[in-house]
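# Next come a sequence and a model predicted from it.
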Amino acid sequence: GDGDVSDGEGEKNVAILTPFLSSVTTKQMVDTLEQQAGDKGWSTNVIDTNGDVGALASRMEDVISSNVDAIILVSTDPNQVKSQIDSAEEKGIPVFGSDASYIEGMTLNATSDNAEMSKLISNYLIEQIGEEGNLIVFTHRPHPGVLKRTEVLDELLKDYPDINVITEQEIQVPGPIENSRQQMENLLLANKETDSITAVWAGWDEPAIGAAQAIQAANREDIIVTGIDGNSQAIEMIENGSPIKATVKQNFDGMAEIVIEQMENVFDGGEVEDTEMYAPAELIEGK
Amino acid sequence: MEQTEKTLLGRDIFNKNMLSSYGTIVAGILIVIIFSILSPSSFATFDNFINITRQISLLVIIAVGATLVMTVKEFDLSIGAMASLGGVISAKLAADGMPITLAILIPIIIGFLVGLVNGYIITKFNVLSFVTTLAMGTVIGGFTFWFTGGSTIFENIPSEFKWIGQTSVIGIPLLSIVMILVVAFFWYFMTQMVVGRRLYAIGGNEKASKVSGIPIKRYKTLAFALCSMLAALTGALLASRLGSAHPTGGDGYFLNAYAAVFLGMTIVRSGVSNVFGTLFGAAVLGVLANGLTILEIPTFMQNVITGIIIIVALILQKIGREN
Amino acid sequence: MEQTEKTLLGRDIFNKNMLSSYGTIVAGILIVIIFSILSPSSFATFDNFINITRQISLLVIIAVGATLVMTVKEFDLSIGAMASLGGVISAKLAADGMPITLAILIPIIIGFLVGLVNGYIITKFNVLSFVTTLAMGTVIGGFTFWFTGGSTIFENIPSEFKWIGQTSVIGIPLLSIVMILVVAFFWYFMTQMVVGRRLYAIGGNEKASKVSGIPIKRYKTLAFALCSMLAALTGALLASRLGSAHPTGGDGYFLNAYAAVFLGMTIVRSGVSNVFGTLFGAAVLGVLANGLTILEIPTFMQNVITGIIIIVALILQKIGREN
Amino acid sequence: MNLLKFEGISKEFGSVKALNNITLEIKSGEVHALIGENGAGKSTLIKILTGVYTPSEGQIHWDGNPVKIENPKEAKNLGIDVIHQDRQLISSFSGLENLYLNTIYPKKFLGVDWNAMKKESSILLDKWGMDIPLHKQVSEMTPSERTMLEIARSMMSNSKVLILDEPTASLTDKESELLFHFIKRLRSEGVAIIYISHRLEEVIDLADNVTVLMNGNLVKTLHQSVITQELLIHYMTDGQTTINKKEKNQRHLGEVLLSVSNLSTVDKTVKDVTFDLHEREILGVYGLAGAGRTETVEAMFGLRKKEAGTIRFFNKEVLKPSPVHAIQNGIVLIPENRHEDALIMENSIAENMSLPILNTLTKFGKLQKNKETQIVEREMKKFQVKAVNSSQPVGELSGGNQQKIVFAKALLSNPSVYICDEPTQAVDIMTRQQIHQFLETQVEDKKGVLYISSDLHEVLEISDRIIVFSEGKTVANIKNENLKPDNILDICYKFQKEVVME
Ligand SMILES: Nc1ncnc2c1ncn2[C@@H]1O[C@H](COP(=O)(O)OP(=O)(O)OP(=O)(O)O)[C@@H](O)[C@H]1O
Ligand SMILES: Nc1ncnc2c1ncn2[C@@H]1O[C@H](COP(=O)(O)OP(=O)(O)OP(=O)(O)O)[C@@H](O)[C@H]1O
Ligand SMILES: [Mg+2]
Ligand SMILES: [Mg+2]
């Protein structure tokens, strides 16, 4: 470093990078990170690239060259910034993941276990529908977390031959609620008989919200919907008895806490406890 | 004899017009027939027809705005961002207890004002609308993010606000009715009123229109203002339909809106943007999305099929025109 | 005396040219100066300069392609999708053990072929490039999704493949060198070679070019093919830089590429797209993104500032031109 | 033997028969003129020969062999070069590059050899004694420079047939002379020339043979030895019109309508212009090309930035000139360049003509289309516009008929001042007479006309008073009494010399 304020014993300067700040849950986690870092007296700088991973790499290079004290990657696949992680390591800048994943060169990743969450919600759904029926899957495979969840569902469903997946649809981002709502409206019309659709499994909460709205508007409330993430709009709908019956609330605060705690360790010259640490998730059900 | 020649040719031009529309419209009808055969009980129903009108309603409204700007041979690339902003403002006002009419009206006015700014900059300094509105979209996006803190607005939204986007009147969704009103009004505006005629003249030859005494700048600015206003309205209606507003929720409309406008341009011989064409273009996109989902075609195949159908329709229509 | 007047007029045009460039270029220089003052130790360093050249390299390469198509007054909206496809094909081939040169070359060839198809459809049937390439982009996107199953490709990518995007030669990133070569080649191609002059002629007056016997269709098709080829190259280099390829990873380049081209058009008096202008436009965007990040300006403020600076630059340049 | 033969050529556009069974032979070293009223089919015949259109019926023979010319490139390869009625230049290119548009650029390594181009072109220009500022962008060139550039371009290749479609429409007499000189030289070198013009004196002066077209039919081909102006007009109009030389009657000038004093523009195309236009006056404006007449008018309409001087409409100073302001004050412009400044080619005749008077055609913002059609068709009849109906796109009309629309459009707004910039370019002599007559009756009605023309004879024929422009300045203001062309030309050259000697 060559004399920037952020160096040495002075105030610590942490860069928080994500391509998905417009996602509710990412935003929530970033807020917690900022707040907790602030409590420690560190300054933070949040950078969002609006879905553009190439730009994420560039912005990461920028913060590396401005010698921040640590970098947090939020809700993104670190494989895509592998070489930037390596150059951060060279410069001695620790890179933390929050709801990302762990790769060589990083210091740590704190996350909910996507596989675990998917198991939790998928098993709940399978049980609710009595291990049989017609299922619709709403997903977004380019997102690594959602992909993992979908893969776990696929794996689980192999054991339940009576559950028939009618269709799996990709939900467009941005605009996932409107998009899933339209797709659900169309699917409801394509499957008009009672019981022709038993349930909708959504890879995250936004498509679940859209699907539930379509179901409500069509008065087909026998169909149940599940999401994952625990965003507050979904939770409110669960509480109000909408077709969304459950979601898994990721412990974003927990993840943020882990990251900040471990970061302090590192700043104090210590080691992290583990490279991959989980904040336990919790199933939220309606009454 | 003179007279005979006139009528003969008159009819001829009429026929050419029909032929030229041939391709895209026939393609549109074919698509509907195919879907109806493949899925008679789901696709070819009155319910689904109503459903499609609702699904395309917002796209049509924002695309009508784009049509106006394209008429004067300009682009407004900020419409997606403007729709997002309109949505969050509307949702926020409604959540803060503002009367519903105001919660819809205020974003519309803001949209109009932003459009005036776009138009003012573009006409006053004679800069390219493509890059100016692209930059304006970035500014608006940043502002929306600041306004919402990046999060979705959904708490405390009163049900009367959601009612607009979710209710039906004698079986017809209110959104579809709004769409019909917007199309009808702007069709009249563009083809029957002097202001529309002037906008088309400007698009046809700006310099000649100027020499003919049309205040070009004023009319262009009006087109930008109306376009931006309709984008904001789209956003507000979207927020009402979803009962929530996301800071990038309207961004996705931008490219689809232009796709609808451009498809619509192909159905008239002169190849200029026009309100009915835009409605038609949006309907083609809407029917494809609806039908392919009903047929449970996977998303990636839907994309491939939609793209190919559009290209084939464009080609057919040109071939139709040549014969 | 006649002679004197000619030279006077010659000088006059020259001065006008300087003045016209004034606005955007002065704005560019001002931005650099301001950032240098605000952050002398991070922004105004040789390392950061090199850093910026690498960061803009991919944008420049794809935008040069867009420049070619814009030269003949057409649009290619499929470049984002093509970059994504180029990236995943390249990464997949590399991961499957294909020699690196082939892993880069094959997507480039595919890009060229897709561009030929674009150009063929557009020129043969005389359809609008805007909507045709939009549809083609949808098709390509669907195909990419099918090809990857929707997931990011990152496993088994050999380090030699990543080397291209990540290595430096005597301190200069290989990507920056590729960018310089692409700019230099296409600058020569467009301004010094007959083919470039023909493309400019077509863009200047298509009808006159046709009457002069220039084979319009062939040249336009070539422009589309080269554009698509450069988009695929951009994707392959992106995959190599990131060591992974995401099925929508290149989509984000689309609007920025056109922003760079349009900014570049403002620096020449004739207002036509040009390779150096595009480089300049991309540099402005790159410097802004880099400098604002280094200054730790929050993202939403970055957007607002970037947008406003672009608009102000456009205005300044017009004012500069008038005086 | 014949170099070129059209045999039974017909062309239909929808149900319009633009050409009907045309058979025509042209030899090497012959100047063959094509004449006929507006819309007779002259340009269409040319476009068939150059591969722009394919004939509906008939055959073209080249050197005795039947050929099919499918596109301009093939025509070019045969040795057919054309200077179209509308200039076909790339306005963002320099004159130099436009020269090379349809030939091969000289190359050095992979690139263009700019120096060789400069050398080649200056040799060419020297050979033909032409003076074109090739370094200028075409957009900066005067209309006549553009025409000369096109002519020079056609000399770049060794053409066997050179077609000129109304080349003198925007040329002054001096430049026309130069052009005729080229044509004669080309003829002596064995090039066949097809020459289209509405200026019959030129035709008589140049042509070896003249073919008259009417309504798409070939009326007659006449040999040089027999042609006279009267005969040509007789054939062109089916014997229905004769040129009647009329006496100018003296008019009482009224109030000053327009007044310009010491006007100059920012770009210095206008340096010092002063004149008044009165009621009941036709003020002719003459000047050599580039004299700044068009620019003066543009400045009065706010289309060009004013630097100094005053403009007055009806004795009220105009501080911010604009087309809107001028039209509101009853001052209407018939612009020189109909393609760029006057017409919307894709729009219909009605839409074009009603544009300045839309205000008067509305009821609560709604356009009254019936009324519009009525008015427009009335005007079309008045000017005998050859078109299908008022909803035909203007772009489909022949050049002269387009010019009639420009004129009709202007007079629809019932102005008190007409500013006409080359209003009779491209129109046939019958129409030209008609336009003159029309303007004269308007002037009787207390109106004023500013009449710019590069045709000195025309200026002398119609004007009450003539102002002469030179190098952006008004250099003379003379009553049109017993003036001869030489009087005016002397003034032009004298002032040009003075400027040169400065
Ligand atoms: N593309 C077209 N579509 C329809 N009609 C056309 C087209 N081109 C020409 N015409 C018609 O063909 C006729 C002949 O036109 P042409 O341009 O050959 O006349 P011209 O003799 O050159 O007249 P002018 O002296 O006015 O230039 C006209 O009636 C014109 O309206
Ligand atoms: N200093 C200059 N810079 C750029 N362009 C110039 C300059 N001086 C003259 N011109 C060009 O010369 C032209 C003026 O000549 P133009 O021929 O239009 O004038 P005119 O008197 O109306 O003659 P005519 O109508 O016979 O052609 C303009 O089009 C302008 O582009
Ligand atoms: Mg003609
Ligand atoms: Mg002139």
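Thanks, I have it. Numbering: from 1, shown residues only, chains lettered A, B, ... in the order given. Ligands and ions are numbered 1, 2, ... in the order given.

# Can you pull the residues of the stretch 101-250 of chain A lying near ligand 4?
Nowhere does the stretch 101-250 of chain A come near ligand 4, counting by C-beta under 5 Å from the ion. (C-beta placed from N, C-alpha, C; glycine too.)

# neighbours of residue 168, just the number please.
Assuming you mean chain A. With neighbours defined by other C-beta atoms under 10 Å in any protein chain shown, the count for A:Glu168 comes to 19.

# if you could check chain B rather than the one you did, that'd help
B:Ser168, neighbours per other C-beta under 10 Å, totals 14.

# For it, give its distance to ligand 4.
64 Å (C-beta to the ion, to the nearest Å).

# now A:Asp159
Distance check for A:Asp159 against ligand 4: by C-beta to the ion, it reads 87 Å.

# Any idea what D:Leu34 is bridged to?
According to DSSP bridges, D:Ile196, D:Thr211 are recorded as the beta-bridge partners of D:Leu34.

# wait, what's in contact with it?
Shown in contact with D:Leu34 (C-beta atoms under 8 Å, 6 or more residues apart in numbering or on different chains): D:Lys42, D:Leu45, D:Ile46, D:Ile194, D:Tyr195, D:Ile196, D:Val210, D:Thr211, D:Leu213.

# pLDDT score for it?
Looking at D:Leu34, its pLDDT stands at 94.

# hang on, the earlier thing: and the contacts of D:Leu34, which is closest to C:Ser240?
Distance ranking of these against C:Ser240, using C-beta to C-beta, places D:Ile46 first at 56.9 Å.

# Go ahead and confirm that closest one touches D:Ile194.
Yes: the criterion here is C-beta atoms under 8 Å, and D:Ile46 meets it with D:Ile194 at 7.0 Å.

# Which neighbours do these two have in common?
Common neighbours of D:Ile46 and D:Ile194 (C-beta under 8 Å, 6+ apart) are D:Leu34, D:Ile163.

# hey, where'd the helices end up in the stretch 151-300 of chain B?
Along the stretch 151-300 of chain B, the stretches classed as helices by DSSP state H, counting those that start in this stretch are B:159-166, B:174-191, B:194-204, B:206-211, B:216-242, B:253-265, B:275-294, B:299-322.

# Columns mean neighbour count, mean pLDDT and distance to D:Leu89 on top of these, output as CSV?
What follows is the helices of the stretch 151-300 of chain B, written out as CSV (neighbours: other C-beta atoms under 10 Å in any protein chain shown; pLDDT from 0 to 100; distance: least, C-beta to C-beta, whole Å):
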stretch, mean neighbour count, mean pLDDT, distance to D:Leu89
helix B:159-166, 17, 91, 55
helix B:174-191, 18, 96, 35
helix B:194-204, 22, 94, 22
helix B:206-211, 22, 93, 17
helix B:216-242, 26, 96, 26
helix B:253-265, 26, 92, 29
helix B:275-294, 24, 93, 34
helix B:299-322, 20, 85, 29
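
# give the contact list for whatever residue of the stretch 201-323 of chain B ends up closest to ligand 2.
Distance from ligand 2 to each residue of the stretch 201-323 of chain B (C-beta to the nearest ligand atom) is smallest for B:Lys207, at 13.8 Å. B:Lys207 makes contacts with D:Glu340, D:Asp341, as judged by C-beta under 8 Å, 6+ apart.

# Same check on B:Asn48?
B:Asn48 neighbours (C-beta under 8 Å, 6+ apart): A:Asn186, A:Leu189, B:Ser42, B:Asn290, B:Ile294.

# May I ask which two of the residues you listed are separated the most?
Maximum pairwise distance in these, criterion C-beta to C-beta, is 9.6 Å, between B:Ser42 and B:Asn290.

# Ignoring the adjacent residues along the chain, who's closest to the closest residue to chain C within the stretch 301-450 of chain D?
Of all residues in the stretch 301-450 of chain D, the one sitting closest to chain C is D:Lys305 (8.3 Å; C-beta to the nearest C-beta). Excluding the flanking residues, the one nearest D:Lys305 by C-beta to C-beta, 6 or more residues apart in numbering or on different chains is D:Val266, at 4.2 Å.

# Now that neighbour. Its backbone dihedrals?
phi -60, psi -40 (degrees, to the nearest 10).

# now do D:Ile123
Main-chain dihedrals, D:Ile123, degrees, to the nearest 10: phi -60, psi -40.

# separation between it and ligand 2?
According to C-beta to the nearest ligand atom, to the nearest Å, D:Ile123 and ligand 2 sit 26 Å apart.

# which residue ranges form the helices in chain A?
A:24-39, A:53-65, A:82-90, A:114-128, A:144-157, A:176-190, A:205-217, A:232-239, A:252-267 (DSSP state H).

# where does the chain dip in pLDDT?
Since you didn't name a chain, this refers to chain A. Filtered on pLDDT under 70, chain A yields the residue ranges A:1-10, A:174, A:287.

# um, chain D though
In chain D, residues with pLDDT under 70: D:1, D:170, D:239-249, D:289, D:496-502.

# Just give the nearest non-adjacent residue to the residue of the stretch 51-200 of chain A at minimum distance from chain C, would you?
Going by C-beta to the nearest C-beta, chain C is nearest to A:Arg141 of the stretch 51-200 of chain A, at 2.8 Å. Closest residue to A:Arg141 apart from its sequence neighbours, by C-beta to C-beta, 6+ apart: C:Gly150 at 2.8 Å.

# How many residues are close by that neighbour?
By other C-beta under 10 Å, 22 other residues sit near C:Gly150.

# State the three-state secondary structure for it.
Look at C:Gly150: counting by DSSP: H, G, I helix; E, B strand; the rest coil, its state is coil.

# Just the pLDDT at it, thanks.
80.

# pretty sure it is touching A:Pro144, no?
No: applying C-beta under 8 Å as the test, C:Gly150 and A:Pro144 come out as separate, 10.6 Å apart.

# neighbouring strands for the helix or strand harbouring D:Asp81, and are they parallel or not?
D:Asp81 is part of strand D:80-83, with elements assigned from DSSP states H and E. Applying DSSP bridges, strand D:80-83 is found paired with strand D:161-165 (parallel).

# May I see the buried residues of the very next helix or strand once past the partner strand?
Next helix or strand after strand D:161-165 toward the C-terminus (DSSP H and E): helix D:173-188. Neighbour-count burial for helix D:173-188 flags D:Asp173, D:Lys174, D:Glu175, D:Ser176, D:Leu178, D:Leu179, D:Phe180, D:Phe182, D:Ile183, D:Leu186, D:Arg187 (criterion: 16 or more other C-beta atoms under 10 Å in any protein chain shown).
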